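Asks: Output the structure for:
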Amino acid sequence: MNANDPAANDPAADDPAAEVVALTSELIAIDTTNTADPSGAGTERPAAEYVAEKLTDAGYQPTYLESGAPGRGNVIVRLPGADPSRGALLIHSHLDVVPAEAADWAIHPFSGEVTDGYVWGRGAVDMKGMAAMALAAARRFKRDGVVPPRDLIFAFLSDEETGGDYGARWLVDNRPDLFEGATESIGEVGGFSVTLADSARAYLIETAEKGSLWLRLKVSGTAGHGSMLQTDNPVAKLASAVARLDAHRFPLILTDPVREFLEGVAEITGIPFDENDPEAAVARLGNLSRMIGATLRDTANVTIFNAGYKTNVVPALAEATVDARVLPGREAAFQREVAEVLGPDVECNWRTRPAVQTTFDGALVDAMAVAIGAEDPGARVLPYMLSASTDAKSFQRLGIRNFGFAPLRLPPELDYSALFHGVDERVPVDALEFGSRVLDRFLRIC
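Replies: Down below sits the predicted model:
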């Protein structure tokens, strides 16, 4: 650490990572599967009560509330800072996870088992590991009487995996007072390392994320007997339409965050970046190319197809669901393009969440760089665009500037992006401990 490091005179006493592994394991062991069934009760309450108990033990008086449906537990606490005139920093994590089939996993997805240097289970990276880091930091600051530079708002939220209608979005609409004064936030997905040329590491900070458009497609036709000639079969029409959509390639657009990221990679690796061929630069990124490549253009993937109810009956209706992710500023053009590809027979119903974007500058970014550099000297921080969505989409409606910063130093061989919603999701123990130390330092100088 150099003499200009703002944290030099305020190092973490003892070890801020001491309890983060246990907290991660215990959170994973609480099954908070979000099935996206609006008729079912939420599963987040036990995890939220666990978090509330841990915060209470440390001396907080947490706010626990259920957002719009039974069981959708959320916990929020505020730690006052030294300068109340400064905007508060929101640190948000979600407690729900996507489903997991235990038969497909090497280790049970809700065991939270710690073995072979990893904490295993659904939510290890998405995002109970970060929830544990935030919980450990909040507990430590309160117990030790740490006064951060500004107010810190710790939020542990429900329903992120289905867009936050019963989580962050509901809270923004109904309890904005809980986030009063917040001007900036950190959450998923960023702060993780990628290893580039000659073992040089860069840590990617999310400064933008694509918009989310979930489409429900419907085609109506004429019901009839499956043995007869049929010229108005909705199943065939919709299948043809979604096949066209799957084959379609949206225009390549080089946005500012992606350009900045690829320019930074070029500086580190010494391999020139040709703006006229960004796909070539992305192809050199190995496993990361799936995530970064998806930020060069809009995407639309068919995820559900429903039609029919009996083998010998042509149904009157066929339906499909499409998960579309759209670059900033492209929503209207994207909708027009999709309508043209699908054709007039397909009815489209859109559920939209706007893109998120900010610039890669300011005191908060500087504090991220200092905190990472203190733990990994010589490492770079680079901006990037996330191809998926987070609760930042809800918080930007309050005028909050959002960043993805859940720091992890990862082994070069780990295919990190494949772990999100994947089988055998896991997080390295030493990455959690590293992230906890970085987050602790960052929150002391933010």
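Asks: Give me the contacts around stretch 311-319.
Replies: 216-227, 230, 233-235, 237-239, 304-309 (Cβ atoms under 8 Å, 6 or more residues apart in numbering). Glycine gets a C-beta too; all of them are placed from N, C-alpha and C.
Asks: redo that, cut-off 7 Å
Replies: Identification of contacts with stretch 311-319 by Cβ atoms under 7 Å, 6 or more residues apart in numbering yields 216-227, 230, 233-235, 238, 306-309.
Asks: Same check on stretch 343-350?
Replies: 213, 215-219, 237-238, 241, 335, 338-339, 342.
Asks: from those, which would you call buried?
Replies: 213, 215, 217, 219, 237-238, 241, 335, 338, 342 (16 or more other Cβ atoms under 10 Å).
Asks: from the residues you listed, which is closest to G40?
Replies: Distances from G40 to the buried ones among the contacts of stretch 343-350, taken as Cβ to Cβ, are shortest for L215 (23.3 Å).
Asks: May I have the beta-bridge partners of that closest one?
Replies: Applying DSSP bridges to L215 gives these bridge partners: V322, W350.
Asks: sorry, back to before: so which of the contacts of stretch 343-350 sit within helices?
Replies: By the criterion of DSSP state H, membership of the contacts of stretch 343-350 in helices covers 237-238, 241, 335, 338-339, 342.
Asks: and the two most separated of the buried ones among the contacts of stretch 343-350?
Replies: Using Cβ to Cβ, the buried ones among the contacts of stretch 343-350 span at most 21.8 Å, a distance reached by L213 and K237.
Asks: Include distance to D440 when you put the ones in helices among the contacts of stretch 343-350 into JSON lines, please.
Replies: Shown next, in JSON lines, are the ones in helices among the contacts of stretch 343-350 (distance: Cβ to Cβ, whole Å):
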{"residue": "K237", "distance to D440": "57"}
{"residue": "L238", "distance to D440": "52"}
{"residue": "A241", "distance to D440": "52"}
{"residue": "Q335", "distance to D440": "44"}
{"residue": "V338", "distance to D440": "45"}
{"residue": "A339", "distance to D440": "50"}
{"residue": "L342", "distance to D440": "50"}
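Asks: what two of those residues are the furthest from one another?
Replies: K237 and Q335 (20.3 Å).
Asks: Same list (the ones in helices among the contacts of stretch 343-350) but as JSON lines, adding pLDDT.
Replies: JSON lines is the format used below for the ones in helices among the contacts of stretch 343-350 (pLDDT from 0 to 100):
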{"residue": "K237", "pLDDT": "95"}
{"residue": "L238", "pLDDT": "95"}
{"residue": "A241", "pLDDT": "95"}
{"residue": "Q335", "pLDDT": "94"}
{"residue": "V338", "pLDDT": "96"}
{"residue": "A339", "pLDDT": "94"}
{"residue": "L342", "pLDDT": "96"}
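Asks: circling back to that earlier point, what remains of the contacts of stretch 311-319 if I keep only buried residues?
Replies: 217, 219-221, 224, 230, 233-235, 238, 307.
Asks: about what we covered before: okay, the contacts of stretch 343-350 in CSV with distance to L443 next?
Replies: Below are the contacts of stretch 343-350 laid out as CSV (distance: Cβ to Cβ, whole Å):
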residue, distance to L443
L213, 35
L215, 40
R216, 41
L217, 45
K218, 48
V219, 52
K237, 55
L238, 50
A241, 50
Q335, 41
V338, 42
A339, 46
L342, 47
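Asks: Pull the number of nearby residues for D159.
Replies: Residues lying near D159 (other Cβ atoms under 10 Å) number 27.
Asks: Excluding sequence neighbours, find me the nearest residue to it.
Replies: G167 (3.4 Å; Cβ to Cβ, 6 or more residues apart in numbering).
Asks: quick one: that neighbour from E160, how far?
Replies: G167 is 6 Å from E160, where distance means Cβ to Cβ, to the nearest Å.
Asks: Identify the contacts common to those two.
Replies: Joint contacts of G167 and E160 (Cβ under 7 Å, 6+ apart) are 94, 391.
Asks: where's Y203 relative to A406, distance?
Replies: Distance of Y203 to A406, computed by Cβ to Cβ: 11 Å.
Asks: nope, L157 is what I was after
Replies: Counting by Cβ to Cβ - L157 and A406 are separated by 14 Å.
Asks: For the stretch 301-446 of the chain, which segments are assigned as helices?
Replies: Secondary structure of the stretch 301-446 of the chain by DSSP state H, counting those that start in this stretch: the helices cover 331-342, 363-375, 392-395, 416-419, 429-445.
Asks: Ranked by average pLDDT, which of these falls at the bottom?
Replies: Among the helices of the stretch 301-446 of the chain, helix 416-419 carries the lowest mean pLDDT, a mean of 89.
Asks: Other residues contacting that one?
Replies: Contact partners of helix 416-419, identified using Cβ under 7 Å, 6+ apart, comprise 125, 192, 287-288, 290-291, 410, 425-426.
Asks: Tell me, how many residues neighbour D151?
Replies: 20.
Asks: before we move on, the earlier item: spit out the residues that contact Y203 and A406 alike.
Replies: G191.
Asks: and the closest residue to E160 other than its chain neighbours, how far is that from R444?
Replies: Of all residues not flanking E160 in the chain, H94 sits nearest, at 3.4 Å (Cβ to Cβ, 6+ apart). If you measure H94 against R444 using Cβ to Cβ, the figure is 25 Å.
Asks: try K128
Replies: The separation that K128 has from R444, given Cβ to Cβ, amounts to 24 Å.
Asks: quick one: which of the two has more around it?
Replies: K128 (33 against 21).
Asks: And the pLDDT at the more buried one?
Replies: For K128, pLDDT reads 97.
Asks: my read: it touches A29, true?
Replies: No. K128 is beyond contact range of A29, at 9.7 Å (criterion: Cβ atoms under 7 Å).
Asks: what is in contact with those two at once?
Replies: When Cβ under 7 Å, 6+ apart defines a contact, no residue borders K128 and A29 alike.
Asks: for A300, what are its contacts?
Replies: 245, 322, 324, 338.
Asks: need those in CSV with distance to E275, can you?
Replies: Below are the contacts of A300 laid out as CSV (distance: Cβ to Cβ, whole Å):
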residue, distance to E275
L245, 29
V322, 31
A324, 26
V338, 27
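Asks: buried ones in stretch 361-372?
Replies: If you call a residue buried by 16+ other Cβ under 10 Å, then stretch 361-372 has these buried ones: 364-365, 367-368, 370-372.
Asks: buried residues in the helix or strand harbouring A22?
Replies: Following DSSP states H and E, one finds A22 within helix 20-28. Residues 20-21, 23-28 are the ones in helix 20-28 that count as buried (16+ other Cβ under 10 Å).
Asks: for stretch 419-429, same thing?
Replies: Going by 16+ other Cβ under 10 Å, stretch 419-429 has these buried residues: 419, 422, 424-429.
Asks: now do stretch 101-121
Replies: Buried, per 16+ other Cβ under 10 Å, within stretch 101-121: 105, 107-114, 118-121.
Asks: In helices, which of these appear?
Replies: Per DSSP H, the subset of the buried residues of stretch 101-121 in helices is empty.
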